[in-house]
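Peer 1: give me the fold of what follows.
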Amino acid sequence: MCSECDPAKNDKAWTPLPGLCKIDNKCYKQGDPNIGGCGVCDPAKPNAWTVTGDACYIEDACQKPGDTDSTGCAECKRARTSTSGRRSPASA
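Peer 2: Numbering: from 1, shown residues only. The predicted structure follows:
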């Protein structure tokens, strides 16, 4: 269980338990890595992987800096890529 009913904190939604993340409907402990190894559970952001190092986490997969999508229009650039899976446009 990753969350609890705590009306004192929120009476309309589940309250995350300390030290845990709930990502893709699964519970993870602080520091647990994702399958690709480029993200970890960070309870400060309990609903998405926190990307570590220079990698990008795009479409549920770890990407190396400079990797492009199949069209060549998007590129992994860590400084402009978020943990939510959005892509950065490749620089012209």
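Peer 1: can you show me the strands along this structure?
Peer 2: Taking DSSP state E to define them, one finds strands in the chain at 3-4, 15-16, 20-23, 26-29, 39-40, 50-51, 56-58, 61-63, 74-75, 88-89.
Peer 1: what residue lies at the spatial centre of the protein?
Peer 2: In the chain, the centroid-proximal residue (Cα atoms, centre = their mean) is residue 49; its distance is 2.3 Å.
Peer 1: quick check: the closest residue to that one other than its chain neighbours vs residue 2, distance?
Peer 2: Computed as Cβ to Cβ, 6 or more residues apart in numbering, the closest residue to residue 49 that is not its neighbour in sequence is residue 39, at 3.1 Å. Where you see a C-beta, it was placed from the backbone N, CA and C, and this is true even at glycine. Per Cβ to Cβ, to the nearest Å, residue 39 is found 17 Å from residue 2.
Peer 1: and what of residue 24?
Peer 2: As defined by Cβ to Cβ, residue 24 lies at a distance of 11 Å from residue 2.
Peer 1: these two - which one has more neighbours?
Peer 2: More crowded of residue 24 and residue 2, by other Cβ atoms under 10 Å: residue 2, with 18 against 10.
Peer 1: surely residue 3 touches residue 18?
Peer 2: No. Counting by Cβ atoms under 8 Å, residue 3 does not reach residue 18; the two are 10.6 Å apart.
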